[in-house]
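Trainee: next come a sequence and a model predicted from it.
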Amino acid sequence: MENIIEETKNIIKKYGIRANKNLGQNFLIDEDTINTIVESAEIKKEDCVIEIGPGLGTLTKELVKKAGKVICIELDSKMVSILKDRFSEEVTLINQDILKVNLKELIEEQKKEKYTIKIVANLPYYITTPIVMKLLEERLDIESITIMIQKEVAERLACIPGEKETGAITYSVYYFAEVKKIKEVPNTSFIPEPEVTSEVIQLSIRKEPVVKVKNEKLLFQLIKMAFMQRRKTLQNALSHSTFFENKQQIKQILEKLQLDEKVRGEELTIEQFAKIANQITKQEGE
Ligand code: SAM
């Protein structure tokens with residue numbers, strides 16, 4: 001591998017690139033981290049890798065060596081023309097905002113060609129959460145998501161609901177996937193250096209969600225409400241929601257599930273939230 005720092009600097013100079021902060025452009029220049037990402041994604045020729053935000057193509061270069069097919073989704077058209085120059089026919093380029101891409105359709109097309117789909121990315125940090133939630137909530141037929149993101153967000157995604165770093169997103173991610181922490185990456189591994197430390201994590205998509213609920217949307221709405229006012233008891237946090245006619249109704253559900261009336265949302269497991277959601281659905285049907 002040609003010295004990555006030199007190669008990146010040369011590309012930046014050749015194309016007169018100025019990293020666009022608004023697009024979260026921090027280019028990876030650490031060979032070890034690139035190898036770790038590619039190895040932990042366990043890419044094979046049967047795989048179609050979808051890379052989000054390929055930038056100058058540093059990671060892409062290694063992905064094309066291992067995968068049967070690489071599709072890159074990049075918003076910045078300057079980056080897309082560099083990628084065209086560097087990889088021509090080797091990658092399929094989509095010059096679009098990842099949040100607007102019809103991934104379901106794109107993935108179905110690849111499945112017709114019998115590819116297994118893996119997502120690999122050094123994500124733009126300003127939209128990490130919407131990207132991760134899009135990848136999970138759209139129930140895409142993908143095997144794994146190997147991503148580098150900001151360390152604090154990684155901790156939140158990788159913890160088990162109930163642990164210290166738990167947020168509403170912890171439950172959503174846990175519902176759909178098993179998360180593994182892979183490697184912490186210092187800010188010196190990028191040009192330009194971001195202000196934060198990064199971390200590589202891997203999400204393995206579960207065949208079935210971790211709990212059974214009749215109304216998935218309701219489950220996530222409940223969790224979101226509980227965490228919007230996480231210092232309050234669950235009873236108080238949910239008292240203004242339209243799911244319940246009055247506080248007494250919440251109290252009854254908590255009693256039924258043998259939960260203390262002073263319990264806070266962050267103390268609940270996803271199974272307990274699911275039971276509350278199912279109880280509401282049941283009452284609505286009565
Ligand atoms: N993969 C490259 C690397 O590791 O050096 C660049 C990673 S950089 C952190 C994030 C990349 O995401 C940039 O190339 C940026 O232009 C691109 N990007 C930002 N917002 C995007 C969006 N909404 N959709 C697709 N790509 C986006």
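Mentor: On my side now, so go ahead.

Trainee: for the ligand, what's the nearest residue on the stretch 151-286 of the chain?
Mentor: Using Cβ to the nearest ligand atom, the closest approach of the stretch 151-286 of the chain to the ligand is made by Phe190 at 7.3 Å. From N, CA and C alone the C-beta is placed, and that goes for glycine too.

Trainee: which residue does the chain bring closest to the ligand?
Mentor: As assessed by Cβ to the nearest ligand atom, the ligand sits closest to Gly53 within the chain, at 2.3 Å.

Trainee: run a quick neighbour tally on that residue.
Mentor: The number of residues packed around Gly53, counting by other Cβ atoms under 10 Å, is 22.

Trainee: ditto for Pro209
Mentor: Neighbourhood size, Pro209 [other Cβ under 10 Å]: 17.

Trainee: spatially nearest residue to it (excluding sequence neighbours)?
Mentor: The spatial neighbour of Pro209 that comes closest, neighbours along the chain excluded (Cβ to Cβ, 6 or more residues apart in numbering), is Tyr175 at 5.1 Å.

Trainee: just the C-alphas of the helix or strand encompassing the one you found, formatted as CSV.
Mentor: Assigning secondary structure by DSSP states H and E places Tyr175 in helix 168-176. Extracted in CSV, the C-alpha atoms of helix 168-176 (Å, rounded to 0.1, in the frame of the first residue of the first chain):
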residue,chain,number,x,y,z
ALA,A,168,-33.5,6.3,23.6
ILE,A,169,-31.4,5.3,20.6
THR,A,170,-29.8,2.5,22.6
TYR,A,171,-33.1,0.6,22.7
SER,A,172,-33.8,1.1,19.0
VAL,A,173,-30.5,-0.2,17.9
TYR,A,174,-30.6,-3.1,20.4
TYR,A,175,-34.0,-4.0,19.1
PHE,A,176,-32.7,-4.5,15.5
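
Trainee: what angle do the helix or strand where Gln283 lies and helix 168-176 make?
Mentor: Gln283 is part of helix 270-285, with elements assigned from DSSP H and E. Between the axis of helix 270-285 and that of helix 168-176 there is an angle of 90 degrees, by axes from the mean of the first three to the mean of the last three Cα atoms, to 10 degrees.

Trainee: which elements pack onto the strand or helix carrying Ile223?
Mentor: Here Ile223, judged by DSSP H and E, is contained in helix 216-228. For helix 216-228, the elements it packs on are helix 168-176, helix 234-238, helix 270-285, judged by 3 or more Cβ pairs under 8 Å, 6 or more residues apart in numbering; DSSP states H and E.

Trainee: great, nothing more from me.
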